[in-house]
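1. generate a structure from the sequence data that follows.
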Amino acid sequence: MSYPEPRYHGETGEISASFRPAGAPADLTAQNGTETRYLATTASTGGEFGLYRVDMTPKAGGPATHFHRGISETFFVLDGTLRLYDGDRWIDATKGDFLYVPTGGLHAFRNDSDEPTSFLILFAPGAPREEYFEKVSTVATMTDEERTAFFVKHDTYWTD
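-> Modelled structure (predicted):
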């Protein structure tokens, strides 16, 4: 395997880094109090990846088993216990644990514990997942056709 072809062709580099301090407010707070911070979006990475920090409240639950056809998803636990489904079994992941789910891989995640949990989610290549997270709470008000279109648009295919 080799390095990808260069995409930057300048000779001196450029000032283009992005910094987000740890104390920056959440970009999204769900009805259950779970907070999501968009650390790197598809727009800010030129489509290379999306990286989000999620701080889930105790007993927050999580999405059912699903897969993605165009993106991989990676989880890294920062604190607490995150239940991860790797397509075969549920794992109680704790600080420092990591799960990579390749494109097409079955997975799910949830917080069933009595404590909060914090973790990173990395999508690659980048996809506009911000809209998914911001609107997924409204799917109950959608028609069946609208709901199906929403999930297809956001590369989410449910198995449960």
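2. when you work out contacts or count neighbours from here on, use the C-alpha atoms and nothing else.
-> Fine.
3. you'd agree residue 132 is in a helix?
-> Yes. Under DSSP: H, G, I helix; E, B strand; the rest coil, residue 132 falls within a helix.
4. measure the nearest residue to it once chain neighbours are set aside to residue 133 for me?
-> Using C-alpha to C-alpha, 6 or more residues apart in numbering and skipping residues adjacent in sequence, the residue nearest residue 132 is residue 154, 6.4 Å away. According to C-alpha to C-alpha, to the nearest Å, residue 154 stands 10 Å off from residue 133.
5. compare the two (neighbour count), which wins?
-> Remark: of residue 154 and residue 133, residue 154 carries more neighbours, 19 against 14, as counted by other C-alpha atoms under 10 Å.
6. which SSE is residue 73 in?
-> strand 72-79 (DSSP states H and E).
7. any idea of the mean pLDDT in that strand?
-> Averaging pLDDT along strand 72-79 gives 98.
8. please pull up the helix or strand immediately following it.
-> The C-terminal neighbour of strand 72-79 among helices and strands, as given by DSSP H and E, is strand 81-85.
9. so which elements touch that following strand?
-> strand 90-94, strand 108-110, strand 117-124 (3 or more C-alpha pairs under 8 Å, 6 or more residues apart in numbering; DSSP states H and E).
10. flag every buried residue along the last one.
-> The one in question is strand 117-124. Across strand 117-124, burial judged by 16 or more other C-alpha atoms under 10 Å covers 117-124.
11. how about the helices in this protein?
-> Counting by DSSP state H, one finds helices in the chain at the ranges 129-135, 144-153.
12. buried ones in the longest one, by neighbour count?
-> Yep, that's helix 144-153 we're talking about. For helix 144-153, by 16+ other C-alpha under 10 Å, it's 147, 150.
13. now find how far off-centre that helix is within its chain.
-> Distance, stretch centre to chain centre, for helix 144-153: 19 Å (C-alpha atoms, centre = their mean, to the nearest Å).
14. alpha carbons of stretch 70-78, in CSV - could you do that?
-> The C-alpha trace of stretch 70-78 is given here as CSV (Å, rounded to 0.1, in the frame of the first residue of the first chain):
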residue,chain,number,x,y,z
GLY,A,70,-20.7,4.2,1.7
ILE,A,71,-19.0,5.0,5.0
SER,A,72,-17.1,3.3,7.8
GLU,A,73,-17.7,4.2,11.4
THR,A,74,-15.3,4.1,14.3
PHE,A,75,-15.9,4.4,18.0
PHE,A,76,-13.4,5.4,20.7
VAL,A,77,-14.5,5.5,24.3
LEU,A,78,-13.3,8.5,26.3
